[in-house]
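> Turn this into a model:
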Amino acid sequence: MKYITKFTLLFTILFSLNCSSEKEQVLQINGKVIGTETKSILLLKPNQDMRFDSLIEIPVENGEFYFESKLENPEAVNLFLGEAKENGGGRFMPLFLENEKIDLTIHSEEEFDKNVTKGGNLNAEYTKFKQNFENKFNNRIKPLQDSISALFKSDEYNSVKAKLLYTELREAKNQDEKIVIYKKLDDLKKSGENLSPKAKELDDKIKPIYEEQKLFQQDYIDNNPTIVSYSFLLDNLIFNKETIDINYAKNTFKILSKANPNHPYNELAYNLINTIENVKIGKKYTDFSAPDLNGNNIKLSDKINGKVALLDLWATWCGPCIAKSRTMIPLYNEYKDKGFTIIGVAGEFKNTDRLVKFLEKEKIMNQKFNNNIISEWLDLRKVNLSSFSQEEITKVENVKYEGLPNLSRVNLNNDKSKYYFFNIRENCVMIYINNENDLGSLSTEEIIKIYGQPEEILKSRAGKRAKHYVYSQKGFAFSVMDKKIAFFEIFPNCHLEKYKENIYIEPPKFKK
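Numbering: from 1, shown residues only. Sure, this is the predicted structure:
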């Protein structure tokens, strides 16, 4: 009986120790903040969007915070101060979570480099990698980065062309204007004309070091297939998808997924790689279904099979997306009866209330412009002047319109007498409109909303301060002076260079 009592007691002690041991196998984050009055700490997982996704948000009270959770798998997060959610982002710190105790000291964003992380094997591994990385590259790369920063401060970083575009960007009144400037800046960058000579010299020196850094990280991943390495791969797949070597990414994925079986990162990485590999020009589109505003499930293939289709991914909170979508309206109107369609997919948050209101507003505006006076003017190009009698027209021979010589100006003696037709024989090559009543009903802003940004804005003969907006591929151009439209040109659709060569002539210099 004595032995049985001792055995029972021993069993109870062992059982208690075992339970105590299991209880300790949870993630415990103890932290304090210094130099910041932040109300919370945000933990952002790979591929999460802080605007819409459900994040881990840890409240900060009296400068301290605590978080506890039982993890199924170790994982990587980026740590932000709470105000990053309102600001749309901010400085962050990589952090690795596992069922261990982790102590954090978090500083203000300005001093995020002073943050301290203690606890967890993965955090120790990342700290060691970071130290080795900095020891290898900092002495060479930091002086170059400091020199680049100095060029920014002295306004010597951008080229003259880029500076002019950034000035236009600051002065742009709406997103429709900005989207064209962004495109020009992107083209400038692709052609290598965005940097000043000094900046270009520094850029040429720093690029090879960036390539070395990439190889250093790749070598580490190959030899250390841990969650730290997995976080590097995921970052590259998410943020460098346009430049990543997809074959290398696939090989790395095989190594990491084998070393980390059943980890959720395997599915995430697979989907990211599949997207990068397949969503390309010449590849078949990925079919999907989504609900419409009435709750009906719509399958993409059912809507686009047998047609030339444009998939427009946008949202009511995305200004550039809306501006770009509006530029597609004239294209749709022109080709909708010829097998062309546009499918819009809106990425809304929480509900579709804002989407419904926005679409109603756009519908009213589009109805207004689908029947606007510009459409009527474009239809004037179809007028057959030979069908009019001599009494119905007044014809003035041997006139010139800008760059078009040997024209006849034809004035119709009827309700269209306010328009001037410029002809070569019976072919109408230009319609000039300067009727104040008609022009007064138009505004540059409304035209841009429907027809998008002009292909180019040129100088105008209407005056020193006037600008000439050219939509050559849509068949019209107009000049604006003191926010009023001075005159309108209607002509056959053509390329911009043809318009500039055959129709437009830069006006002479105006006297001061």
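> Could you use CA atoms for every contact and neighbour count after this?
Will do.
> Determine the set of other helices and strands touching the helix or strand that contains Ile447.
With elements delineated by DSSP states H and E, Ile447 resides in helix 444-451, which encompasses its position. If contacts are counted by 3 or more Cα pairs under 8 Å, 6 or more residues apart in numbering; DSSP states H and E, helix 444-451 sits against helix 319-327, helix 329-335.
> how near is Pro405 to Val345?
Shown here: Pro405 relative to Val345, a distance of 49 Å by Cα to Cα, to the nearest Å.
> Over to Pro291?
Distance, Pro291 to Val345, by Cα to Cα: 10 Å.
> who has more neighbours, the two?
When neighbours are counted by other Cα atoms under 10 Å, Pro291 and Val345 differ, and Val345 comes out ahead with 14 against 11.
> Double-check that one against Trp314; I have them as touching.
Yes. Distance between Val345 and Trp314: 6.3 Å, which falls inside the contact criterion (Cα atoms under 8 Å).
> Tell me the buried residues in the helix holding Ile447?
448-451 (16 or more other Cα atoms under 10 Å).
> now stretch 238-246
Neighbour counts over stretch 238-246 (16+ other Cα under 10 Å) mark 238, 241, 246 as buried.
> you'd agree Gly295 is in a helix?
No. Secondary structure of Gly295, determined by DSSP: H, G, I helix; E, B strand; the rest coil: coil, with no helix assignment.
> Asn123 - how many residues pack around it?
Burial of Asn123 is recorded as 20 neighbouring residues (other Cα under 10 Å).
> check contacts around it.
Residues touching Asn123, when contacts are defined by Cα atoms under 8 Å, 6 or more residues apart in numbering, comprise 95-96, 117.
> What pLDDT does the model give it?
In this prediction, Asn123 carries a pLDDT score of 97.
> Please apply the same query to Phe349.
With respect to pLDDT, Phe349 has a value of 73.
> which SS state does the nearest residue to it once chain neighbours are set aside fall under?
In this structure, Phe349 finds its nearest non-sequential neighbour in Phe52, 6.5 Å apart by Cα to Cα, 6 or more residues apart in numbering. State at Phe52, reduced to three classes by three-state DSSP: coil.
> ok, Phe52 to Pro492 distance?
Relative to Pro492, Phe52 is positioned 47 Å away (Cα to Cα).
> who has more neighbours, those two?
Looking at Phe52 and Pro492 with other Cα under 10 Å, you find the greater number of neighbours at Pro492, namely 18 against 11.
> was I right about the more buried one contacting Gly475?
Yes. Using Cα under 8 Å, Pro492 is in contact with Gly475, at 5.2 Å.
> what's the angle from the helix holding Ile447 to helix 319-327?
Angle of helix 444-451 versus helix 319-327, following axes from the mean of the first three to the mean of the last three Cα atoms, to 10 degrees, is 80 degrees.
> avg pLDDT for helix 444-451?
Helix 444-451 shows a mean pLDDT of 80.
> how far does that helix sit from the chain's center?
Taking Cα atoms, centre = their mean, to the nearest Å, one finds the center of helix 444-451 at 22 Å from the center of the full chain.
> Downstream of it, the next helix or strand is which one?
Scanning forward in sequence from helix 444-451 by DSSP H and E, the next helix or strand is strand 456-459.
> mind listing what that next one pairs with, with the direction of each?
Here strand 456-459 is paired, per DSSP bridges, with strand 467-471 (antiparallel).
> Quick one: mean pLDDT for the partner strand?
Across strand 467-471, the per-residue pLDDT values average to 93.
> Work out the gap between that strand and the centre of the chain.
Relative to the centre of its chain, strand 467-471 is centred 26 Å away, using Cα atoms, centre = their mean.
> what's in contact with that strand?
Counting by Cα under 8 Å, 6+ apart, residues outside strand 467-471 touching it are 454-460, 476-481, 496.
> would you turn the residues you listed into a markdown table with neighbour count?
What follows is the contacts of strand 467-471, written out as a markdown table (neighbours: other Cα atoms under 10 Å):
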| residue | neighbour count |
| --- | --- |
| Pro454 | 18 |
| Glu455 | 16 |
| Glu456 | 13 |
| Ile457 | 15 |
| Leu458 | 17 |
| Lys459 | 19 |
| Ser460 | 22 |
| Phe476 | 22 |
| Ala477 | 21 |
| Phe478 | 22 |
| Ser479 | 24 |
| Val480 | 21 |
| Met481 | 17 |
| Leu496 | 14 |
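> Can you verify Ser147 is assigned to a helix?
Yes. Ser147: assigned to a helix according to three-state DSSP.
> could you measure Val77 against Ile227, distance?
Remark: distance between Val77 and Ile227 (Cα to Cα) = 11 Å.
> Compare these two (neighbour count), which wins?
Set side by side, Val77 and Ile227 give different neighbour counts by other Cα under 10 Å, the larger being at Ile227 (24 against 19).
> Determine which residue lies closest to the centroid of the protein.
Nearest to the centroid of the C-alpha atoms of the chain, with distances taken as Cα atoms, centre = their mean, sits Pro320, at 7.1 Å.
> do you know how far that residue is from Ile276?
Distance check for Pro320 against Ile276: by Cα to Cα, it reads 23 Å.
> before we move on, what about Lys161?
In this structure, Lys161 and Ile276 are separated by 33 Å, where distance is defined by Cα to Cα.
> now swap in Leu313 and tell me
Between Leu313 and Ile276 the distance, using Cα to Cα, works out to 17 Å.
> swap in Lys45?
Lys45 sits 20 Å away from Ile276, taking Cα to Cα as the criterion.
> Who has more neighbours out of the two?
Per other Cα under 10 Å, whichever of Lys45 and Ile276 has more neighbours is Lys45, with 19 against 15.
> measure the residue lying closest to the more buried one once chain neighbours are set aside to Phe232 for me?
Closest residue to Lys45 in three dimensions, ignoring its sequence neighbours and counting by Cα to Cα, 6+ apart: Val77, at 4.6 Å. Shown here: Val77 relative to Phe232, a distance of 12 Å by Cα to Cα.
> residues touching Ile433, list them.
Listed by Cα under 8 Å, 6+ apart, the contact partners of Ile433 are 418-420, 487-489.
> Now do the helix or strand hosting Lys395: which elements does it pack against?
Assigning secondary structure by DSSP H and E places Lys395 in strand 393-401. For strand 393-401, the packing partners by 3+ Cα pairs under 8 Å, 6+ apart come out as strand 404-412.
> From the contact counts, what lies against the strand it packs on?
Looks like strand 404-412 contacts strand 393-401, strand 419-424 (3+ Cα pairs under 8 Å, 6+ apart).
> among those, which is nearest Leu359?
Of all the helices and strands packed on strand 404-412, the one in closest proximity to Leu359, counting by Cα to Cα, is strand 419-424 (35.6 Å).
> strands paired with that closest one, and their directions?
For strand 419-424, the pairing partners within the sheet under DSSP bridges are strand 404-412 (antiparallel), strand 427-433 (antiparallel).
> So for Glu506, what's the pLDDT?
pLDDT, Glu506: 76.
> got the contact list for the nearest residue in space to it that is not next to it in sequence?
By the measure of Cα to Cα, 6+ apart, the closest residue to Glu506 outside its immediate chain neighbours is Lys459, 6.5 Å from it. By Cα under 8 Å, 6+ apart, the residues touching Lys459 are 466-468, 506-507.
> where's Ile206, which helix or strand?
Assigned by DSSP H and E, Ile206 belongs to helix 197-223.
> And that helix, how far out from the chain middle?
What separates the centre of helix 197-223 from the centre of its chain is 25 Å, taken as Cα atoms, centre = their mean.
> Please name every helix or strand in contact with it.
helix 121-153, helix 227-239, helix 246-259.
> among those helices, which is the most enclosed?
Per-residue neighbour counts averaged over each of these give the maximum for helix 227-239, namely a mean of 19 (mean count of other Cα atoms under 10 Å).
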